[in-house]
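[1] Starting from these lines, generate the structure:
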Amino acid sequence: MFDLTGRVAVVTGGSSGLGVQFAHALGRQGATVVVIARRVEMLKEVSESITRESGVKTGYYYCDVTDSALVAEVAEKIVADFGKIDIAVNCAGGGNCGNTEDLPDEKWHKTMNVNINGVFYCCREFGKAMIKNGYGRMINISSMLGSVGMDIEYGMGIPEYAASKGAVCNLTRQLGAEWARYNITCNAIAPGFFASEVSPVGNEKFDNFLKSKCPMKRHGYPGELDSAIVFLAAEESSYITGQIIGVDGGWTCI
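    Numbers count the residues shown, from 1 in each chain. Down below sits the predicted model:
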């Protein structure tokens, strides 16, 4: 069950954080894994580590997902080098904490450009390859903050991040509806708080806030997203599309 042997998976944001975890999880199930991001040396290390761990074929490419022409070029290179794209995990993203009344235009535009424009460009270009082959598993990485707001008890909001992740959720639903006719599913994972380069996890004030708000009283641990990504990437999830899968310790159930 959930055997991905013979499938080609692309993971954006694959140089660090959750992107690395997703890439390893897909490799362990037998997929050929291609990681893309802007930090090439880190991509090289990730690619090599997946091959060492799982023995699968891997690849990596420089790509800034906010550059639509470059995304199209990289998608074409992946198809030329690996023959197809079966699975795409759109994980590249970021955001800033702050109050709406103090948020400058440039921070709003930067976050929206990466988190929703970048996801759209990748869906469009990877989707073209999937449509051509009549098969695909598109998986977008949203956030629980795409469905709820950040409680201001923490002392600040995260408006542009929440707005962008909400847009990712509804783009996912729309693509699920549009692409079902091509045997392509499009779903999203909405994680709670996990440690990463930009996550507040590990900050004492935030961890205390998290314990007061999350039913499980903790952040997510490495590996706790693996089952969701593997399931949505597999043939066994073929009747599931347009869904947002929360992996948040129960945060959004209250």
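
[2] Please make it C-alpha for all contacts and neighbour counts, starting now.
    Fine.

[3] by contact count, what packs against the host helix or strand of residue 229?
    Element membership for residue 229, per DSSP states H and E: helix 226-233. On a contact count with 3 or more Cα pairs under 8 Å, 6 or more residues apart in numbering; DSSP states H and E, helix 226-233 meets helix 17-28, strand 136-141, strand 184-191.

[4] which residues in the protein form helices?
    17-28, 40-54, 68-82, 105-112, 118-133, 159-179, 204-213, 226-233 (DSSP state H).

[5] residues contacting the residue lying closest to residue 193 once chain neighbours are set aside?
    Sequence neighbours aside, residue 219 is the residue nearest to residue 193 in space, at 5.4 Å (criterion: Cα to Cα, 6 or more residues apart in numbering). Residue 219 makes contacts with 192, 193, 194, 195, 201, 207, 210, 249, as judged by Cα atoms under 8 Å, 6 or more residues apart in numbering.

[6] From those, pick the one nearest residue 40.
    Here the nearest of the contacts of residue 219 to residue 40, counting by Cα to Cα, is residue 195; it sits at 21.9 Å.

[7] ok, that closest one - contacts?
    17, 201, 202, 219, 220, 221.

[8] I'd say the last one and residue 196 touch.
    Read it as residue 221. No. Contact between residue 221 and residue 196 fails when scored by Cα atoms under 8 Å: they sit 10.9 Å apart.

[9] what about the two, which has more around it?
    Neighbour count, other Cα atoms under 10 Å: between residue 221 and residue 196, residue 196 has more, with 13 against 10.

[10] In contact with the more buried one, which residues are there?
    Residue 196 neighbours (Cα under 8 Å, 6+ apart): 16, 17, 18.

[11] So which of the residues you listed wins on neighbours?
    Busiest of the contacts of residue 196 [other Cα under 10 Å] is residue 18, holding 23 neighbours.

[12] my guess is it meets residue 91, correct?
    Yes. Using Cα under 8 Å, residue 18 is in contact with residue 91, at 7.5 Å.

[13] any idea which of the contacts of residue 219 is closest to residue 123?
    residue 192 (22.8 Å).

[14] Quick check: that closest one vs residue 153, distance?
    17 Å (Cα to Cα, to the nearest Å).

[15] that older thread, quick one, which of the helices and strands packed on helix 226-233 is packed in tightest?
    strand 136-141 (a mean of 28; mean count of other Cα atoms under 10 Å).

[16] Which strands border it, and is each parallel or antiparallel?
    strand 87-90 (parallel), strand 184-191 (parallel) (DSSP bridges).

[17] and residue 161, how far is that from residue 183?
    Counting by Cα to Cα - residue 161 and residue 183 are separated by 31 Å.

[18] could you dump the helices and strands packed on helix 226-233 to CSV with distance to residue 147 and mean pLDDT?
    What follows is the helices and strands packed on helix 226-233, written out as CSV (distance: least, Cα to Cα, whole Å; pLDDT from 0 to 100):
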stretch, distance to residue 147, mean pLDDT
helix 17-28, 20, 97
strand 136-141, 13, 98
strand 184-191, 9, 98
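
[19] Can you say which of the ones you listed is nearest to residue 56?
    Using Cα to Cα, the nearest of those to residue 56 is helix 17-28, at 6.4 Å.

[20] how far off strand 184-191 does that closest one point, in degrees?
    Interaxial angle, helix 17-28 versus strand 184-191 (axes from the mean of the first three to the mean of the last three Cα atoms, to 10 degrees): 130 degrees.
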